[in-house]
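**Student:** Predicted structure and sequence below. I'll ask about it afterward.
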Amino acid sequence: MPVVFVIARDWLLRTAVRAELRERGIDALGIDSADDAGRALASGQLPSVIVLEGTAELASNPGLQNLVSQVPTILIASRTERILLPPVEPGAPPRRGAVLYRPVQVGEIVSRVLGLLEKGHLA
């Protein structure tokens, strides 16, 4: 069963996306901090896809930057807040994922996650 990390400080976003993914048989973990993501990784949970709320606090965390550089990620971004994404290493394969700008519907996020999982991005 694929695992999806839903990393967001916004509890409404986190719980709504997680609930919809779980209804579809996907093991979605609702995570509200970089520390919680680290604990999930340490316990052996490896995500196939990440849904990341694009806040400066989350996106600037070195551990999350490393994770995002390795796992297909859907970034939920604000049109008013700028964040820095981790650079792509020269010669590295292109990242898969998407940037969705708020306001965004839960169904659109879930559709993108399912699309990434269908393309074979399973852990």
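**Tutor:** Yep, it's here. Numbering: from 1, shown residues only.
**Student:** Check which residues of the worst-scoring helix or strand of the chain on mean pLDDT are buried.
**Tutor:** Among the helices and strands of the chain, helix 56-59 carries the lowest confidence by mean pLDDT, DSSP states H and E, at a mean of 82. Neighbour-count burial for helix 56-59, counted by 16 or more other Cβ atoms under 10 Å, picks out 58-59. Quick note: C-beta positions are derived from backbone N, CA and C, even for glycine.
**Student:** Over to stretch 24-38?
**Tutor:** Residues of stretch 24-38 classed as buried: 26, 28-32, 34, 37 (neighbour count, 16+ other Cβ under 10 Å).
**Student:** One more: stretch 71-79?
**Tutor:** Quick answer for stretch 71-79 (16+ other Cβ under 10 Å): 71-77.
**Student:** Tell me the secondary structure of P47, please.
**Tutor:** coil (DSSP: H, G, I helix; E, B strand; the rest coil).
**Student:** was I right about it contacting V6?
**Tutor:** No: contact criterion Cβ atoms under 8 Å: P47 and V6 do not qualify, at 9.5 Å.
**Student:** Give me the common contacts of those two.
**Tutor:** L29 (Cβ atoms under 8 Å, 6 or more residues apart in numbering).
**Student:** hang on, the earlier thing: same list, the buried residues of stretch 24-38, but as TSV with secondary structure please.
**Tutor:** TSV is the format used below for the buried residues of stretch 24-38 (three-state DSSP):
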residue	secondary structure
I26	coil
A28	strand
L29	strand
G30	strand
I31	strand
D32	coil
A34	helix
A37	helix
